[in-house]
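J.: Predicted model and sequence below, questions to follow.
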2 protein chains.
Amino acid sequence: MSISSRFAVGIHILALIEINKEGISSSEFLAGSVNTNPAVIRKIMGMLKKAGLVEVHPGIAGAKLARDLSDITLLDVYKAVNVVQENELFSVHEEPNPACTVGRNIQDTIGPLFTAAQLALEKTLRNVTLEDVVKDIVDKDKINSKELSN
Amino acid sequence: MSISSRFAVGIHILALIEINKEGISSSEFLAGSVNTNPAVIRKIMGMLKKAGLVEVHPGIAGAKLARDLSDITLLDVYKAVNVVQENELFSVHEEPNPACTVGRNIQDTIGPLFTAAQLALEKTLRNVTLEDVVKDIVDKDKINSKELSN
DNA sequence: TTACATGTAATCATGATAGTTACTTTATGT
DNA sequence: ACATAAAGTAACTATCATGATTACATGTAA
């Protein structure tokens, strides 16, 4: 099991739109960087648009960020791309036996515990903004360039 | 996407072995409570056994806990049933374009962020023991019984 | 109206899940 | 020794999400 790479791709897309803000970020351009099919980008872009993270219009090439970089958290992206349904990161067997003490209580006992774990994860994602991500990408790139030039 | 119900079933199994400790917890008995096939239980039991959480022997009916209830955390169960590979809760697109600033740095930037989120989730699971779970199940059952008798 | 980009649907291969059946291996009791 | 019973395990199935691909409809602008 793994959370869909749509999440990682969504972050990639948004970061690239920012870094390429002087240029035009078409689905083809973005697909070239992510290394996938433009239709995949457009589908994810549709989700980001629906969530109010990007502005993009039919017939007009290029996407723009709809909010300030520092106002978009990883949690926003995570929610936007629907990698996990609301409160369903963990799945629970649906029909335990009600004739058993454990069977008739396990769901109510486990539910809040799973929710707590999920919230801890989401809280971590909420503490990182796209601004942080872009800065880190740029920093890492400077270091790599320096290494190459030595 | 959802984390496999093997995790929830694993917790169910262990809790039931404890509550039924005066009796014999065969795969058929456990399957009856979880409401699934005994072979499914045996497969999960094999994982719990491999992780040192239960004792179970071929030809001998019934499983026993291999550790004290208070010494088994939900994280132990989570790891035991292999619902998530080590450090791979989130998946990242494999081959971003190295000719792009974002493409050649996205993995290194995102990796630690995803790991942090995953660790936050795991930390939460580590803070809950099977003793807590069993107590809660028993408590909830008392309340339910009281409601039914009113 | 031509060119081009987005929006979107249909199709496909792949992999994980959970269930089912059936068989082998091991231990116990007569 | 043999019959019984349970664990261990492999093979097969249906179902579902993913990610890629193709194709086409929709919309914009020169």
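T.: Done, it's in. Numbering: from 1, shown residues only, chains lettered A, B, ... in the order given.

J.: and chain A, which residues reach DNA strand D?
T.: A:4-6, A:36-40, A:57-60, A:83 (CB under 7 Å from any atom of the strand). For the C-beta atoms, the positions are set from N, CA and C on the backbone; glycine is no exception.

J.: So which of those residues belong to strands?
T.: Judged by DSSP state E, the residues of chain A next to DNA strand D include A:His57, A:Ile60 as members of strands.

J.: Could you check how far A:Ile17 is from DNA strand C?
T.: Distance, A:Ile17 to DNA strand C, by CB to the nearest atom of the strand, to the nearest Å: 11 Å.

J.: I'd say that residue and A:Leu65 touch.
T.: Yes: using CB atoms under 8 Å, A:Ile17 is in contact with A:Leu65, at 5.7 Å.

J.: neighbour-wise, which of those two wins?
T.: The neighbour comparison of A:Ile17 against A:Leu65 (other CB atoms under 10 Å in any protein chain shown) goes to A:Ile17, with 27 against 18.

J.: so who does the closest residue to the more buried one other than its chain neighbours touch?
T.: Nearest in space to A:Ile17, with sequence neighbours left out and distances taken as CB to CB, 6 or more residues apart in numbering or on different chains, is A:Ser25 at 4.7 Å. Neighbour list for A:Ser25: A:Leu16, A:Ile17, A:Gly62, A:Ala63, A:Lys64 [criterion: CB atoms under 8 Å, 6 or more residues apart in numbering or on different chains].

J.: Can you tell me which of those residues are buried?
T.: With burial judged by 16 or more other CB atoms under 10 Å in any protein chain shown, the buried subset of these is A:Leu16, A:Ile17, A:Gly62, A:Ala63.

J.: Can you name the next helix or strand after the helix or strand where the third one lies?
T.: What that stands for is A:Gly62. Using DSSP states H and E, A:Gly62 sits within strand A:60-65. Per DSSP H and E, strand A:60-65 leads on to helix A:74-80 as the next helix or strand towards the C-terminus.

J.: Considering helices and strands only, name the one in chain A with the lowest mean pLDDT.
T.: helix A:130-149 (a mean of 87; mean pLDDT, DSSP states H and E).

J.: what's the angle between that helix and strand A:60-65?
T.: Helix A:130-149 runs at 100 degrees relative to strand A:60-65, counting by axes from the mean of the first three to the mean of the last three CA atoms, to 10 degrees.

J.: Least confident of the buried ones among the contacts of A:Ser25?
T.: Of all these, A:Gly62 carries the smallest pLDDT score, 93.

J.: which bits of chain A sit near DNA strand C?
T.: Residues of chain A lying near DNA strand C (CB under 7 Å from any atom of the strand): A:1, A:26-28, A:38-39, A:42-43, A:45-46, A:49, A:56-63, A:91, A:93.

J.: The residue in chain A that DNA strand D sits nearest to: neighbour count?
T.: Of all residues in chain A, A:Gly59 sits closest to DNA strand D, at 2.5 Å by CB to the nearest atom of the strand. Around A:Gly59 there are 4 other residues, counting by other CB under 10 Å.

J.: what's the spacing between it and A:Ser26?
T.: 12 Å (CB to CB, to the nearest Å).

J.: pLDDT score assigned to A:Leu53?
T.: pLDDT, A:Leu53: 98.
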